[in-house]
Each structure stands twice: as structure tokens, then as C-alpha cells.
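[1] pasting the structure only:
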Ligand SMILES: N[C@@H](CCC(=O)N[C@@H](CS)C(=O)NCC(=O)O)C(=O)O
């Protein structure tokens, strides 16, 4: 089972590499502004998880430079569990106005990013 999952993960990564979406273009000023806004966001993810790949493709499409955190690492996994509530990736940590929100579900994360940066 582990081998099959590992193999499928590599295929997904390969296809993602070959069919990488086109990055959205912004003026340097706009991009600087978007980069500043993105600093409040962190994506907890696994490298080869298909749902994480889906969100990373959205990040690329939107040209968002969001910090990625490997949730396989023990410290990060623990943080996700204790602060987010469960170990499930992808999960977007949103730090705004002194509050922290943990957004689960790839579709909800994509929708959030689309609404925020469209
Ligand atoms: N419906 C979720 C599915 C996410 C999901 O199943 N993620 C898996 C990894 S691919 C997970 O976090 N499993 C828990 C674990 O690995 O501990 C989404 O679209 O984000």
C-alpha cells in the first residue's frame, strides 16, 4: 500500500511539473503589495498529497509567495493538531488582525485565495 501511494504521489508530482499552470502577471508594485498580504498566510502541506498539489497549483496560478510548511515534520504536525484541531492537509493558517484561523479543505482554501487575491 505504501509503495502504491508513493508511486501515485510521484506521478502526480510529475504531471504537475509537466502541466504547471501559467503564473498570473502583476506589475512590480502590485506584486509587492500581494507579497506583503501573503505574509500572513502559511500552508501546512505534504509534498506529494494530491489535495496539496491542487492548492499549490492555485498558489502558482495566482502567483502567491506563501510560506509552505511540511506537516510531516513532527513539530509542524503537532502544531497543526494542537492549534488547528486535526492532522489533515492542506491547511491554511491565516493570521489577521491579531487572530489566527486554520482553514482546512483544498476547495475552501482555493476559494479563499481566489476571493482575497482575485
Ligand atoms: N477533503 C480534503 C482531503 C484532504 C486529505 O485527505 N488529506 C490527507 C493527505 S492526502 C490527510 O491529511 N491525511 C491525514 C494524514 O495524513 O495524517 C481536502 O480536499 O483537502
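    In hand now; what should we look at? Keep in mind that this is a model prediction, so the values were computed, not measured. Numbers count the residues shown, from 1 in each chain.
[2] what about the residue nearest to the spatial centre of the chain, which SS state?
    For the chain, the residue nearest the mean C-alpha position is residue 43 (4.1 Å; CA atoms, centre = their mean). Here residue 43 is recorded as strand under DSSP: H, G, I helix; E, B strand; the rest coil.
[3] Enumerate the residues of the protein near the ligand.
    46, 49, 51, 87, 88, 89, 90, 105, 106, 107 (CB under 6 Å from any ligand atom). Any C-beta I mention is one placed from the backbone N, CA and C, and that applies to glycine too.
[4] do you know how far the residue nearest to the centre of the chain is from the ligand?
    Applying CB to the nearest ligand atom, to the nearest Å, the value for residue 43 to the ligand is 11 Å.
[5] Please enumerate the strands of this structure.
    Taking DSSP state E, the strands of the chain run over residues 41-45, 67-70, 91-96, 99-104.
[6] what packs against the first one?
    Yep, that's strand 41-45 we're talking about. helix 50-61, strand 67-70, strand 91-96 (3 or more CB pairs under 8 Å, 6 or more residues apart in numbering; DSSP states H and E).
[7] swap the cut-off to 7 Å and go again
    The contact analysis (3 or more CB pairs under 7 Å, 6 or more residues apart in numbering; DSSP states H and E) places strand 41-45 against strand 67-70, strand 91-96.
[8] same thing with the shortest one?
    In this structure, strand 67-70 packs against strand 41-45, with contacts taken as 3+ CB pairs under 7 Å, 6+ apart.
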